[in-house]
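A.B. asks: the following comprises the amino acid sequence and a computationally predicted model.
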Amino acid sequence: MKHVSSPLIELKGVGKIFHTDELETHALSGVQLEIAQGDFVAITGPSGCGKSTLLSILGLLDFPSGGSYRLAEQDVVGLDSRARASVRNTRIGFIFQAFNLISDLTVEENVALPLTYRADYDRAQAQKRVREVLELVGMTHRARHYPGQLSGGQQQRVAVARALSGQPAILLADEPTGNLDSHNGEAVMQLLEELHRDGATICMVSHDLAFARRASRIVHMLDGRIVDEDTFERLRHERDMPIPVLQGAVG
């Protein structure tokens, strides 16, 4: 009998409710999602549909209000803050829309930063890894520069190198091309595709369907739920239809 490996990520019935004053907002409802090792998954949908909330939960930056989340067969919902931080640092690499580089650190210092928080931190090994990932993203020649001396596309390449430095199980990218012009956005997208071909597991949030379609799988979201493509297109079409004006109606 053929052995079927467990998914790297497995969400079952995940919900997220935000409470503000007397208002209760259901940002996620009954989300079911599996991501296998080596997948490139794009999560797409209109603004406010829950994409970034879902990515925050996947990255252990936020807690679900209900449901289960297993990462590499480990139940991560009930972990305390120290254990969550350890899993984040060793298992997950983050790529943000706004780059989130530290302005007074050099490129190589920014890339090395996740490694410095590890209990087994070794300076020589960290420097070696930093050189490897900077070469991978084509930024070795900018190692001693500061973020303010780089273009937006270069800063995002450094952010990708930082995400890769800890050899994470999965890369989580939140609108990685959102702050870039079309040329630099295309360059970053090509870099992600190259990383995926080399075996990286990637989950990317993008409102840009053209970029999302270049992933190996698209997850469509509407109103905090994952829906199939036919349902997504039907509901989107219904929302975009103009409201008919009845003849003789008084305004």
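C.D. replies: Perfect, I can see it now. Numbering: from 1, shown residues only.

A.B. asks: count the residues that sit near the nearest residue to Gln149 once chain neighbours are set aside.
C.D. replies: Distance criterion Cβ to Cβ, 6 or more residues apart in numbering; nearest residue to Gln149, sequence neighbours excluded, is Arg142 at 7.8 Å. Yep, even glycine has a C-beta here, placed from its N, CA and C like the rest. Using other Cβ atoms under 10 Å, Arg142 has 19 neighbouring residues.

A.B. asks: wait, doesn't Arg142 sit right on Glu108?
C.D. replies: No. Counting by Cβ atoms under 8 Å, Arg142 sits too far from Glu108 to count as a contact (9.0 Å).

A.B. asks: mind listing the shared neighbours of those two?
C.D. replies: Leu134 (Cβ atoms under 8 Å, 6 or more residues apart in numbering).

A.B. asks: pretty sure Val219 is in a strand, no?
C.D. replies: Yes. Per DSSP: H, G, I helix; E, B strand; the rest coil, Val219 lies within a strand segment.

A.B. asks: can you give the contact residues for the helix or strand hosting Thr25?
C.D. replies: Per DSSP states H and E, Thr25 falls inside strand 23-35. Applying Cβ under 8 Å, 6+ apart, the external contacts of strand 23-35 come out as 7-19, 41, 50, 53-54, 57, 64, 67, 170, 201, 203, 219, 223-226.

A.B. asks: switch the cut-off to 7 Å
C.D. replies: Strand 23-35 has contacts (Cβ atoms under 7 Å, 6 or more residues apart in numbering) with 7-18, 41, 50, 53-54, 201, 203, 219, 224-226.

A.B. asks: gap between the residue nearest to Gln149 and Leu113?
C.D. replies: Distance, Arg142 to Leu113, using Cβ to Cβ, to the nearest Å: 16 Å.

A.B. asks: now whichever strand or helix holds Val130: buried residues?
C.D. replies: Assignment of secondary structure by DSSP H and E places Val130 within helix 123-136. Along helix 123-136, the positions that meet the burial threshold by neighbour count (16 or more other Cβ atoms under 10 Å) are 126, 129-130, 133-134, 136.

A.B. asks: export these to CSV and tack on pLDDT and distance to Asp104?
C.D. replies: Below are those laid out as CSV (pLDDT from 0 to 100; distance: Cβ to Cβ, whole Å):
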residue, pLDDT, distance to Asp104
Ala126, 94, 19
Arg129, 96, 22
Val130, 97, 18
Val133, 97, 21
Leu134, 97, 19
Leu136, 95, 25
